[in-house]
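> model this:
(4 chains)
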There are 2 protein chains.
Amino acid sequence: MGMARTQGSHSDITGPRIRKAALGLFARHGYAAVSMRQIAKEVGVQAGALYNYTPDKQSLLYRLMQDHLKDLLAAYAALDKPTGPEDALRRFVGFHIRFHMERPDEVFIAYMELRNLTPENFSEIEALRRAYEDSLERILQDGQNAGLFSVADTKIATLAVIAMLNGVMTWYRTGGRLSLDEVEQIYWDMVRRAVTA
Amino acid sequence: MGMARTQGSHSDITGPRIRKAALGLFARHGYAAVSMRQIAKEVGVQAGALYNYTPDKQSLLYRLMQDHLKDLLAAYAALDKPTGPEDALRRFVGFHIRFHMERPDEVFIAYMELRNLTPENFSEIEALRRAYEDSLERILQDGQNAGLFSVADTKIATLAVIAMLNGVMTWYRTGGRLSLDEVEQIYWDMVRRAVTA
DNA sequence: ATCGTATATGAACAAGCGTTCATATAGAAC
DNA sequence: GTTCTATATGAACGCTTGTTCATATACGAT
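A predicted model of the protein is given here:
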């Protein structure tokens, strides 16, 4: 009974649409504040149908974070080999700003919703994040060893640089006063001066 | 009926206890994930009693943020007058790190729960935050005018410095490898180098 | 000792939650 | 054109949610 709805074989379409809807809603309202019914509504489907694509709400969040961080690591690994520590740092700054700027929702979620992961899921996500941070710390350590950089503590400097770069996401809006190139240049100047010997 | 409970005139005790409990729970689990009953349980009271102290859950969050930011502005305003832009910046870095380190829960909430404020409450909180950021921007602008600092954009530099300093809260733990003095020194070094001409 | 009031209880409300499942349907395969 | 299966519905489940309110109690003042 009831009006007919579109049904049938939409598996490889509905799945991504669900994740996309969840991504936007989680980013805008927070994981805990978003219901499965809201996600379903955005996709144009009933709540029960979501469970053909995710075992539960938690897994939906986990998958979004995991996909994001794996993409991040893969994209960074695909960069050209740098010519030295300073070049590597410059590339890192540019890569980080651009990659994150293209994915504001993913970044926001991977940042804010860590506490809503189960302990096991949290550990896995944390490992991915640490792998990324380690690649920056290696750059700083190499530069330090080569006498090019001068930081009191490479671990702290790593976190300080990343925190500073992440700050871009809180204020930058496309079409604003500054182009992405300008932003990249400004941040690179500050980072370089902050760590250079 | 039922077992007797402590009752009577506890107004000026219960109120702060409720806010303290809410503070801890909001910080640990997030505003949306915490129920009024959980807060009440932590205080040792029934959920209904909370409404003698707050008109609703939203106001509880708003009050916590407002108190925090007003404390922040008052404490900063009470600092000694600096001798110049560089001294002012050094003081700002030290003040910011220490003040925020003493209030990890408040900082976390004022940061993460902005989206759970009503639009009106959000505007008020944003105004307070901007007032604080403006005091840093004024320092940078003064230093820039005096030829002591050299930043491409004072607004961006302001946000970059604050983002960098806020990063401390994500990793620093009392009793860890570094003392607060050391942390302050390390960050001051990086900030100074990032903005100095 | 009695009263008055501030403060708490505990039950109730309607609404919404995540999740499950029997049932229906649409499209692919033969 | 019939069958088979993947995909969807929509109702239902037990629970929790924020909030209200009539009622009870304990303290401060008289």
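> for chain A, longest helix please?
Scanning chain A for the longest helix, with DSSP state H as the assignment, gives helix A:119-145.
> Does A:Pro82 belong to a helix, a strand or coil?
Following DSSP: H, G, I helix; E, B strand; the rest coil, A:Pro82 is assigned to coil.
> Show the pLDDT at A:Ala4.
A:Ala4 carries a pLDDT value of 28.
> And for A:Asp12?
Looking at A:Asp12, its pLDDT is 74.
> repeat for the one 10 residues further on
Confidence at A:Ala22, expressed as pLDDT, is 98.
> can you pull the contacts of it?
A:Val34, A:Ile39, A:Leu60, A:Leu61, A:Leu64 (C-beta atoms under 8 Å, 6 or more residues apart in numbering or on different chains). Quick note: C-beta positions are derived from backbone N, CA and C, even for glycine.
> check these against chain B, which are close?
Applying C-beta under 8 Å from any C-beta of the partner chain to the contacts of A:Ala22, one finds that nothing falls near chain B.
> can you tell me which of the residues you listed lies nearest to DNA strand C?
Each of the contacts of A:Ala22 was scored against DNA strand C by C-beta to the nearest atom of the strand, and A:Val34 proved nearest at 6.4 Å.
> I'd say that closest one and A:Ala27 touch.
No. Contact criterion C-beta atoms under 8 Å: A:Val34 and A:Ala27 do not qualify, at 9.6 Å.
> quick revisit: can you give me the mean pLDDT across the longest helix of chain A?
Rounded mean pLDDT across helix A:119-145 is 98.
> C-terminal to it, what's the next element?
Note on helix A:119-145: by DSSP states H and E, the next helix or strand toward the C-terminus is helix A:154-166.
> Dump that following helix to PDB, keeping only the CA atoms.
C-alpha atoms of helix A:154-166 as PDB (Å, rounded to 0.1, in the frame of the first residue of the first chain):
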ATOM      1  CA  THR A 154      60.700  18.600  17.300                       C
ATOM      2  CA  LYS A 155      57.600  17.000  18.700                       C
ATOM      3  CA  ILE A 156      56.200  20.200  20.000                       C
ATOM      4  CA  ALA A 157      57.200  22.100  16.900                       C
ATOM      5  CA  THR A 158      55.400  19.500  14.800                       C
ATOM      6  CA  LEU A 159      52.200  19.900  16.800                       C
ATOM      7  CA  ALA A 160      52.600  23.700  16.800                       C
ATOM      8  CA  VAL A 161      52.900  23.900  13.100                       C
ATOM      9  CA  ILE A 162      50.000  21.600  12.400                       C
ATOM     10  CA  ALA A 163      47.800  23.500  14.900                       C
ATOM     11  CA  MET A 164      48.700  26.700  13.200                       C
ATOM     12  CA  LEU A 165      48.000  25.400   9.700                       C
ATOM     13  CA  ASN A 166      44.700  23.900  10.900                       C
END
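> any low-confidence regions in chain A?
A:1-11 (pLDDT under 70).
> So A:Ile186 is in contact with B:Thr154, correct?
No. Assessed by C-beta under 8 Å, A:Ile186 is found out of contact with B:Thr154, at 11.0 Å.
> Can you pull the residues of chain A lying near chain B?
Counting by C-beta under 8 Å from any C-beta, chain A comes close to chain B at A:28-30, A:32-33, A:112, A:115-116, A:151-153, A:156-157, A:159-164, A:166-167, A:170-171, A:178, A:182-183, A:185-187, A:189-191, A:193-196.
> buried subset of those?
Buried members of the residues of chain A next to chain B, scored by 16 or more other C-beta atoms under 10 Å in any protein chain shown, are A:30, A:32-33, A:112, A:116, A:151, A:153, A:156-157, A:159-164, A:166-167, A:178, A:183, A:186-187, A:189-191, A:193-195.
> for A:Leu159, what are its contacts?
Contacts for A:Leu159 were tallied using C-beta under 8 Å, 6+ apart; they are A:Glu133, B:Gly167, B:Thr170, B:Trp171.
> And the residue nearest to the spatial centre of chain A, how far from A:Arg129?
Central residue of chain A (C-alpha atoms, centre = their mean): A:Val107, 3.4 Å from the mean position. Distance, A:Val107 to A:Arg129, using C-beta to C-beta, to the nearest Å: 11 Å.
> if we can go back for a sec, and the residues of chain A next to chain B near DNA strand C, which?
Filtering those for proximity to DNA strand C by C-beta under 7 Å from any atom of the strand leaves nothing.
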